[in-house]
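Chemist: Here is my input, please return the structure:
(2 chains)
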Amino acid sequence: MSKDIIPVASRQRLLTLVALFACAGIVLFWRAIELQVVRKDFLQTQGDARYLRVLPVVATRGMISDRHGEPLAISTPVDSVWVHPKDFITVRSQWASLAKLLGLNLGELKQMLDERREREFVYIKRRISPELAQQVMALELPGVAMQREYRRYYPLGEVAAHVVGFTNVDDQGQEGLELAYDNWLRGEAGKQRVIKDRLGKVIQDVELVQEAKPGKDLSLSIDRRLQYLTYRELKRSVMHHHARSGSAIILDALNGEVLAMVSQPAYNPNNVAADYVASFRNRSVTDVFEPGSTIKPFTIAAALESGRFSSQSVIDTAPGYYKVGAYTIRDAHNNGRIDIPTIIQKSSNVGASKIALALKPEQLWKINSSVGFGDTSGSGFPGEVAGILKRPAQWREIDRATLAFGYGLSVTALQLVRAYGAIAADGMLLPVSFLNQNNLITGKRVMQAVTAQRLRKMLERVVSADGTALRAKITGYSVAGKTGTVKKLGKNGYSDDRYSSIFVGMAPATHPRLVMLVYIDEPHSGVYYGGEVAAPVFEKVMSVALRTLNVAPDAIDGSSVKVATLERHP
Amino acid sequence: MKLLLSGMIVLTAISALGVVYTTHENRQLFSKLYELNKQRDELDIEWGRLQLEQSTWATHGRIEKIAREKLGMDTVDYNKVMIVKP
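Modeler: Residues are numbered from 1 along each chain as shown, chains lettered A, B, ... in the order given. Got it, this is the predicted structure:
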């Protein structure tokens, strides 16, 4: 049998075999075309859907710092532990060790997971430190994973709580500047495509769909040193006088920036508990009060600008009271015939109201309105209120008389200190700013420069042995300021036992650098005069603040400060 | 005609290889970018943490307490100050 002879039976078998293989090949080829070409899109999406995942890339929230770059609010990462119950259940025996590590109650953990057995994702502990997170991951339990989150820290705690505010669990601003500049601070989460395995672990990063945009930093006008100083002294005073609340503000007299703003009672923004809601309020901008005698400089400003009065004008305030309609306006003492600076110095209600009644109502309204009463300061602080300043058309005679010494209108602490800023800045009303801005500030002229300078001279006399605020005197510096002791309006008219004590002042009086307001609400320690309660806080804070800012002393003559002069030898 | 066709085939093949190469390159660069981003984030985080730590140590209340109680420091009274006038 030679090699090339193939039996017929074998040849048929071979053909059949070849045909079968060809068929199989065609089927496979067709299937390949079907999968690769015809149904490609469908299969691709199905495949991607099974292992490709788009994960959010968390963006950090911007840092808030003070004017020197010291941090006031920083976000740092923390980890949240979550589990995939179906996988986690396979290691029930090891739950105890995890619960112990995280400080959880094992019984509660079991119950929680049994209830959520069908879920894919259950948080078991949020926001733990990265060190603890590493220990948890070291246990290598199946179904346990970490989710990175950010937590906000406020290194100053309650010192700057009201200005800075705080954020909620989802990193959104809730109060204060965190809320006002939320859009600026907030980052934009990015998107990232990854390949995950069946257990949800990321195996490979495929591409960045959208880059995360971190939030922008915010530099405030606040000076951390002055903020702390103000906080310390205000808190001490509020506690010492058993006061209900208090606020204090320091403005930069040159550009209207807020250097310090403090309220009492305060709260700790690092651990915000819901039952402190009342203390979240930044009283300096959200609470209004009647400014009392602190308004008198503006009454005098209107008088001086009207041309009907000069610094030498004499008013007869004897016998220490007088009647307007059915009301009686009183002074603490009978001051007799006094000139205008003495009205300020002695804080004479009779004198101020007599002047006010001699002016046209519009003149009185114009000065109060132009220095910003009855309108928000434009600071953009959340919850800021406008206060109340009635229109001259609504005024009765008694309204004009009482407006002269600060009743019948209501202002916020920020408005009042800003208005004094206009006296400090030679008649220019500056915009209030919480941001550290280096651009040139242009104010609005609200009184002539000479009027403002005369007012400062008068206000200097308040801070003397003959004035109401001797205790605001600062060694080495001239101080101009005004006290206010305001009877509070209760249910049955003005009360005789509830007062608020105010002092607003500026230093150095010759070229003001800082303007400060201290407001103590309802002191209950026996003293309540603005000069006794609020002025000492001003003195304590300002004497250190002026030295901290390297402001040269301007009143060394006649004080206890020794001066050495250098002789020049040619 | 034939030459053109074969030329095209060769070019197509080259471009196909090019696609493969750039895709590969892209993947590698992406993973590098990812690593670097991660490194940057970690450094940022570390920086933030250090800042936080520094500012916690530098809290005015703490410094004041140490200065007053431990080091016996105080603000200089103006009676003890001598101002030198130029």
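
Chemist: quick one: contacts for residue A:59?
Modeler: Residues in contact with residue A:59 (Cβ atoms under 8 Å, 6 or more residues apart in numbering or on different chains) are A:186-190, A:212-215. Using the backbone N, CA and C atoms, a C-beta is placed for each residue, glycine as well.

Chemist: Out of those residues, which is nearest to chain B?
Modeler: Ranked by distance to chain B (Cβ to the nearest Cβ), the contacts of residue A:59 are led by residue A:214 at 8.3 Å.

Chemist: Could I get the phi/psi values of the closest one?
Modeler: Here is the backbone geometry of residue A:214 (degrees, to the nearest 10): phi -70, psi 150.

Chemist: Any part of the helix with the most length in chain B near chain A?
Modeler: The helix that spans the most residues within chain B, counting by DSSP state H, is helix B:2-57. Yes. Counting by Cβ under 8 Å from any Cβ of the partner chain, chain A has neighbours in helix B:2-57: B:30-31, B:33-34, B:44-45, B:48-49, B:51-52, B:55-56.

Chemist: circling back: from the contacts of residue A:59, which would you call buried?
Modeler: Those of the contacts of residue A:59 that meet the buried threshold are A:186-187, A:190, A:212, A:214-215, by 16 or more other Cβ atoms under 10 Å in any protein chain shown.

Chemist: got the contacts of residue A:59 as a markdown table, with secondary structure and distance to residue B:78 columns?
Modeler: Below are these laid out as a markdown table (DSSP: H, G, I helix; E, B strand; the rest coil; distance: Cβ to Cβ, whole Å):
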| residue | secondary structure | distance to residue B:78 |
| --- | --- | --- |
| A:186 | coil | 48 |
| A:187 | coil | 49 |
| A:188 | strand | 53 |
| A:189 | coil | 55 |
| A:190 | strand | 57 |
| A:212 | coil | 54 |
| A:213 | strand | 52 |
| A:214 | coil | 48 |
| A:215 | coil | 45 |
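
Chemist: Output the residues you listed in TSV, with pLDDT appended to each entry.
Modeler: Output for those, formatted as TSV (pLDDT from 0 to 100):
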residue	pLDDT
A:186	87
A:187	82
A:188	83
A:189	81
A:190	82
A:212	79
A:213	83
A:214	82
A:215	85
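
Chemist: So residue A:553 is in contact with residue B:83, correct?
Modeler: Yes. Between residue A:553 and residue B:83 there is a contact at 6.5 Å, judged by Cβ atoms under 8 Å.

Chemist: These two - which one has more neighbours?
Modeler: Neighbours were counted for residue A:553 and for residue B:83 using other Cβ atoms under 10 Å in any protein chain shown; residue A:553 has more, 20 against 14.

Chemist: any chance of the buried ones among the contacts of residue A:59 in JSON lines, plus distance to chain B?
Modeler: Output for these, formatted as JSON lines (distance: Cβ to the nearest Cβ, whole Å):
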{"residue": "A:186", "distance to chain B": "16"}
{"residue": "A:187", "distance to chain B": "12"}
{"residue": "A:190", "distance to chain B": "10"}
{"residue": "A:212", "distance to chain B": "9"}
{"residue": "A:214", "distance to chain B": "8"}
{"residue": "A:215", "distance to chain B": "12"}
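
Chemist: show me where the stretch 51-200 of chain A has helices.
Modeler: In order along the chain, the stretch 51-200 of chain A carries the following helices (DSSP state H, counting those that start in this stretch): A:85-88, A:95-102, A:106-115, A:130-138, A:161-164, A:176-180, A:182-185.

Chemist: Next, the buried residues of the longest one.
Modeler: So that's helix A:106-115. Using 16+ other Cβ under 10 Å as the test for burial, helix A:106-115 gives A:109, A:113.

Chemist: And for stretch A:305-321?
Modeler: Buried residues in stretch A:305-321, counted by 16+ other Cβ under 10 Å: A:305-306, A:309, A:315, A:317, A:320.
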